[in-house]
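> Here is the input, now give the coordinates:
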Amino acid sequence: MGQSLDVGQMFVVGFSGCELAADHWIMTAIARDKLGGVILFDRNVDRSVQNIRSSQQLKQLTKRLQQHAVYPLLIAVDQEGGMVCRLKERDGFLASKSAAVLAGEGVPATRRQFDGLAAMLKDHGINLNFAPVVDLDLNPDNPIIGRYQRSFSAAPAVVTAHALAVIEAHHRHDIGCCLKHFPGHGSAGSDSHLGFVDITDCWLQMELEPYRQLIDSGYRDGIMTAHLVHRGLDSSGVPATLSPAVVSGMLRQQLGFTGVVFSDDLQMRAISRGWSYTDAVQRAVLAGVDVLVVGNNLDPQTDLLQAGIRAIAELLDKGRIDEDHIRNSLARIALLKEKITGKQSWKHIGPPTV
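Here you go, the predicted structure:
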């Protein structure tokens, strides 16, 4: 593998700890292996405190993480508002409303909430929000989107209008966004955190509309893939995250997205029950994913980054992937970081084309 290919930049990894000693494994991953980013959680799956206890503690944590980084570090959270947020009111942070509630109040309400929310993220050293959700609210029995009021609407135009307000608010504070979950999780009847989810018979073409409209409007930050199977989009039956047809074909070529493609958490059971970590990393990269996200709280490990780097090195060493493919991913990641750090301006996002 070429010496100049810092493929550690292609990973965003979670860890446990509110205060970090110099010899904590995540500090080594950042300084030595050039980890691209971290994802922070307030509570672990066992309800213990993971990374976020208070405002002052979080500021100190993010500052310490950045101080060890060779390249600017992506520090990410899921701060959608409502029931999905990592900076919670109980820990001293701003209260927030869900997408469903905001949709009832109108776009100005969404703009106001996320302007305050983005300012809060900026103040606490967080520079990437895995939001907004642009899934359509198509299935009232959806256990992971509809149940938690994460969708703005069943209507693509409404979702797009609110998503634009969210994105613009973040950009005003130099925070990157990540639309999710491509190609659309709103019609699904199951939760990919728990296992295999097939949307072949329920997914609708209209679920692509918010992505198309936002991309056509100039959106270039990030888009997160879903671990959903659609045999009409990829007859092989692999989840979208691992599918060249969905990532490189549909998202890149058909919709024309030139920003960063993030995977959903590779430890989710829809992936981990079918593929080893090494195989999942390799398949996702081959599919066209730029950044591999590993929440690292479903199966905590301290060597995930090194294992992931080895997996990509193997692809290169065996000629399964071209070096330019990796360089293009690294260039997209670097450009997003330049926007976050103010070295490049955010592209103006115009009104959506409907």
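
> For the closest residue to residue 55 other than its chain neighbours, give its distance to residue 53.
In space, and not counting its chain neighbours, residue 55 is closest to residue 92: 5.0 Å by Cβ to Cβ, 6 or more residues apart in numbering. Placement of C-beta: from N, CA and C, glycine included. Distance, residue 92 to residue 53, using Cβ to Cβ, to the nearest Å: 9 Å.

> follow-up on the earlier one: count the neighbours of the residue nearest to residue 55 for me.
Using other Cβ atoms under 10 Å, residue 92 has 14 other residues around it.

> Torsion angles phi and psi at it?
phi 100, psi 10 (degrees, to the nearest 10).

> dump the residue contacts of residue 153.
Shown in contact with residue 153 (Cβ atoms under 8 Å, 6 or more residues apart in numbering): 103, 136, 137, 159, 162.

> Strands of the protein, start to end?
Assigned strands in the chain, in chain order: 11-13, 37-39, 74-77, 128-129, 176-182, 222-225, 260-262, 292-294 (criterion: DSSP state E).

> Can I get those strands in CSV including mean pLDDT and mean neighbour count?
Formatted as CSV, the strands of the chain follow (pLDDT from 0 to 100; neighbours: other Cβ atoms under 10 Å):
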stretch, mean pLDDT, mean neighbour count
strand 11-13, 98, 25
strand 37-39, 98, 25
strand 74-77, 98, 25
strand 128-129, 98, 28
strand 176-182, 98, 25
strand 222-225, 98, 25
strand 260-262, 98, 26
strand 292-294, 98, 26
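
> Would you tell me which of the ones you listed gets closest to residue 142?
strand 176-182 (11.4 Å; Cβ to Cβ).

> give me the number of residues near residue 309?
Quick note: residue 309 (other Cβ under 10 Å) scores 22 neighbours.

> quick one: it and residue 34 touch, right?
No - Residue 309 is beyond contact range of residue 34, at 9.2 Å (criterion: Cβ atoms under 8 Å).

> what's in contact with the helix or strand bottoming out on mean pLDDT in the chain?
Across the helices and strands of the chain, mean pLDDT, DSSP states H and E gives its lowest value to helix 269-272, namely a mean of 93. For helix 269-272, the surrounding residues in contact (Cβ under 8 Å, 6+ apart) are 192-197, 227-228, 239, 241-242, 266, 280, 298-299.

> do the same with stretch 311-321
Outside stretch 311-321, the residues that reach it (Cβ under 8 Å, 6+ apart) are 1-2, 5, 7, 10, 277-278, 281-282, 285-286, 323, 326.
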